[in-house]
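Q: Structure here, sequence nowhere to be found:
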Ligand code: BGC
């Protein structure tokens, strides 16, 4: 053996020995991290701050590497993304184990609404307002992903979105900070499970920090111009909820806010997140977003971009290579103190320890477990349950739904009836080497449901887009033979999602014309609208007797839809986002201010805050959704009418199922601060309960009003509750307020 080789080998052996002894002793994770950090060279430290894409799928502009193996062997990569499956992750982890310090890689993946089992898109799930179901969906996704080598999901997306033109509205929980915060909390808990380190847990990632959903004009990646007050009051709460749920990581957003790109925003990352909120995890950039600061025009080159990001608090560079290429030099030049890099490395190593990767880098690479969990029979059951809870009944004239199982002939028409992959929605995961084709189409779902005495007819009618009406005649003929028609129309799944902003959000193509042709037959028609965002469909809304908004429901779409169509599940979902009447109303959301000249109704246009040519009301409001049964609200009681700041008011209300079917109601509590030092929204959701009632059953449900629910950010951005009158509104939606009262906060 040559002398130099011998020396190198000795150093490696020695370092490995030190590492092992450093780790073997009973030490806290912080001490272990310090011991590892002491052994690291500057290059190795910088290496931990890089996340590279694996060679196949890309979710952004990709840097092709010919020497990835060498880079990982020399400790230049801390994490990989888009690398899935036990075989593949084991392969790369083995390469990492050839590095000097054997620091394991983390494998990250966009597990947004399922892994092998696809769940409804997040916006659909949010319609359930069912926090247990939402948590379970994340839990199942984490169980599958972690069994398949993944330790980190880039979810949940907790961006508030009030603009359905923005394609990524589908990834969040809608427009409201109260509902979205509760959902953010549930999703983080679901992904991370009992605690990091369990083999079925993955790190969650609250993204995109911050205000990405407020992109001007609904155009993806666009700038955001926003007051701090709006930021704090509406856009930051779901992120804070994620921190409260102990989320392991955060991701920056692509947008700038008031001219400062989030990735280089020190106020957001160091002052708020790591400072005020004491977030102990690490922050990853969005794909390439460090380098993209050059395009934003806030830095000249990669060197300045790396400087801007690391000083702002971005710990890991996803794919821009700005850290790889510049950080060491920035330190050598004395521009960046090594302490900043150390802090970032420590945050990342801490998570690697918490995940148990130092104990066993291959603990997520067990092929038997992978097979077992990816074929776990409980998972489709969970997916079906969440899917049916996500379907919103928008209209049901003359109780057309639920359909009788004795219906003799059903015509199932439309371009989405036999579609398979469409049902998966935008962010499905295609696991290489694993058959992830399992999806129950709407056609199959219906067939499973009906007996062989029922005749099921089919016609496609038309395509999702395009103007070809050749299929109309066949569709009309099929409809004429049926007792009832079910028409499945909507978007293509890739019409919403990242980089899928649209200025026209009508139902595409000639699908509404097809409905018109079918309505002319006089047959009763149930319309299923499949979409990733709120669409505009006034013709359908005004003319179809029954409408179910089915979104994209995932693997169990067909079964879930059939359950709802035939009443095996009574729809309970309510909209977490306003459905506009027209694109011209956007942005439109329920928690708006009254203004100095409120338009009290659509006949009140004379110098009021209204449109001359358009209603001020949405088509379907926030919180709206019907059931096959009806609920009566009564007996609103408050424990007191005057509340001191250290006090609480107990509110109770009785809900009675007055219809024929068992069902669930989402009871919503709104408050209105009548006079504030700054204007307050006309109403704000502060709490809700989902209550399950058998036909005829009543239940009294209770809410607590405390100071927190009365507080807001004043002009000085202090979180305060101001004495004065508050209206209490209890309703079945933000417009369907059933009971009202008021109380006073006294000093
Ligand atoms: C998206 C992120 C995603 C990342 C990795 C980006 O383009 O904005 O949400 O996690 O790609 O796929």
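A: Now that the structure is in, tell me what you want to look at. Nothing here was measured: the structure is a model prediction, and the numbers come from that model. Residues are numbered from 1 along each chain as shown.
Q: which bits of the stretch 451-600 of the chain sit near the ligand?
A: Proximity of the stretch 451-600 of the chain to the ligand, by C-beta under 6 Å from any ligand atom, involves residues residue 498. To be clear about C-beta, it is placed using only N, CA and C from the backbone, and glycine gets the same treatment.
Q: And the helices in the stretch 451-600 of the chain?
A: 472-480, 511-519, 538-543, 557-565 (DSSP state H, counting those that start in this stretch).
Q: part of a strand, is residue 690?
A: Yes - Residue 690 forms part of a strand when assessed by DSSP: H, G, I helix; E, B strand; the rest coil.
Q: Tell me which residues of stretch 649-664 come out buried.
A: 649, 651, 653, 655, 656, 657, 659, 662, 663, 664 (16 or more other C-beta atoms under 10 Å).
Q: check contacts around the residue of the stretch 501-650 of the chain at minimum distance from the ligand.
A: In the stretch 501-650 of the chain, the residue that lies nearest the ligand is residue 501 (13.2 Å; C-beta to the nearest ligand atom). Taking C-beta atoms under 8 Å, 6 or more residues apart in numbering as the contact definition, residue 501 lies against 165, 166, 167, 215, 218, 219, 220.
Q: I'd like the helices of the stretch 451-600 of the chain written out as TSV, with mean neighbour count added.
A: Formatted as TSV, the helices of the stretch 451-600 of the chain follow (neighbours: other C-beta atoms under 10 Å):
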stretch	mean neighbour count
helix 472-480	18
helix 511-519	21
helix 538-543	15
helix 557-565	27
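Q: Of all these, which one is nearest residue 616?
A: helix 538-543 (15.5 Å; C-beta to C-beta).
Q: any chance you could map the strands in the stretch 601-747 of the chain?
A: For the stretch 601-747 of the chain, the strands defined by DSSP state E, counting those that start in this stretch occupy 631-638, 642-644, 649-657, 663-673, 684-693, 698-705, 712-713, 719-720, 724-731, 737-746.
Q: now residue 488: how far from the ligand?
A: 29 Å (C-beta to the nearest ligand atom, to the nearest Å).
Q: mind listing what that residue touches?
A: 412, 413, 414, 415, 416, 417, 442, 527, 528, 530.
Q: From residue 561, how far off is it?
A: Counting by C-beta to C-beta, to the nearest Å, the gap from residue 488 to residue 561 is 8 Å.
Q: Need the residues touching each of these two.
A: Common neighbours of residue 488 and residue 561 (C-beta under 8 Å, 6+ apart) are 442, 528.
Q: and residue 535, how many neighbours does it have?
A: When neighbours are counted by other C-beta atoms under 10 Å, residue 535 registers 25.
Q: quick one: residue 694 and residue 657 touch, right?
A: Yes - in terms of C-beta atoms under 8 Å, residue 694 counts as a neighbour of residue 657; the distance is 6.6 Å.
Q: okay if I get the strands of the stretch 601-747 of the chain as JSON lines plus distance to residue 585 and mean pLDDT?
A: Converted to JSON lines, the strands of the stretch 601-747 of the chain look like this (distance: least, C-beta to C-beta, whole Å; pLDDT from 0 to 100):
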{"stretch": "strand 631-638", "distance to residue 585": "29", "mean pLDDT": "98"}
{"stretch": "strand 642-644", "distance to residue 585": "36", "mean pLDDT": "97"}
{"stretch": "strand 649-657", "distance to residue 585": "32", "mean pLDDT": "98"}
{"stretch": "strand 663-673", "distance to residue 585": "21", "mean pLDDT": "98"}
{"stretch": "strand 684-693", "distance to residue 585": "20", "mean pLDDT": "98"}
{"stretch": "strand 698-705", "distance to residue 585": "31", "mean pLDDT": "98"}
{"stretch": "strand 712-713", "distance to residue 585": "25", "mean pLDDT": "98"}
{"stretch": "strand 719-720", "distance to residue 585": "31", "mean pLDDT": "97"}
{"stretch": "strand 724-731", "distance to residue 585": "21", "mean pLDDT": "98"}
{"stretch": "strand 737-746", "distance to residue 585": "21", "mean pLDDT": "98"}
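Q: Out of these, the one nearest residue 130 is which?
A: strand 684-693 (5.8 Å).
Q: Tell me the strands beside the closest one, with direction?
A: strand 663-673 (antiparallel) (DSSP bridges).
Q: Can you name the residue of the stretch 251-400 of the chain nearest to the ligand?
A: residue 287 (3.8 Å).
Q: Low-confidence ranges, this protein, go.
A: Within the chain, the stretches with pLDDT under 70 are 1-26, 56-66.
Q: Would you mind measuring from the residue nearest the centre of it to residue 730?
A: Geometric centre of the chain, nearest residue: residue 172, 3.2 Å, by C-alpha atoms, centre = their mean. As judged by C-beta to C-beta, residue 172 and residue 730 stand 26 Å apart.
Q: which residues touch the residue in the stretch 451-600 of the chain positioned nearest to the ligand?
A: Nearest residue of the stretch 451-600 of the chain to the ligand (C-beta to the nearest ligand atom) works out as residue 498 at 5.6 Å. Neighbouring residues of residue 498 by C-beta under 8 Å, 6+ apart: 59, 167, 168, 220, 426.
Q: buried subset of those?
A: Buried among these (16+ other C-beta under 10 Å): 59, 167, 168, 220, 426.
Q: how far away is the fourth one from residue 654?
A: Which is residue 220. Taking C-beta to C-beta, one finds residue 220 at 46 Å from residue 654.
Q: Equivalent analysis for the third one, please.
A: Distance from residue 168 to residue 654, counting by C-beta to C-beta: 40 Å.
Q: Likewise for the last one?
A: As defined by C-beta to C-beta, residue 426 lies at a distance of 42 Å from residue 654.
Q: Ok, the second one next?
A: Separation of residue 167 from residue 654 (C-beta to C-beta): 42 Å.
Q: tell me the domain ranges of the protein?
A: Domain segmentation of the chain under automatic domain parsing yields 2-56+69-107+144-160+195-368, 110-143+161-194+378-589+602-628, 631-746.
Q: okay if I get those domains as CSV plus distance to residue 595?
A: Output for the domains of the chain, formatted as CSV (distance: least, C-beta to C-beta, whole Å):
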stretch, distance to residue 595
domain 2-56+69-107+144-160+195-368, 16
domain 110-143+161-194+378-589+602-628, 4
domain 631-746, 8
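Q: how about those domains, which one is nearest residue 596?
A: domain 110-143+161-194+378-589+602-628 (8.0 Å).
Q: That closest one: how far from the chain's middle?
A: Relative to its chain's centre, domain 110-143+161-194+378-589+602-628 lies at 16 Å (C-alpha atoms, centre = their mean, to the nearest Å).
Q: Over to stretch 68-84?
A: On the basis of C-alpha atoms, centre = their mean, stretch 68-84 sits 28 Å off its chain's mean C-alpha point.
Q: if we can go back for a sec, between the buried residues of stretch 649-664, which is closest to residue 679?
A: Nearest to residue 679 among these, with distances taken as C-beta to C-beta, is residue 649, at 23.6 Å.
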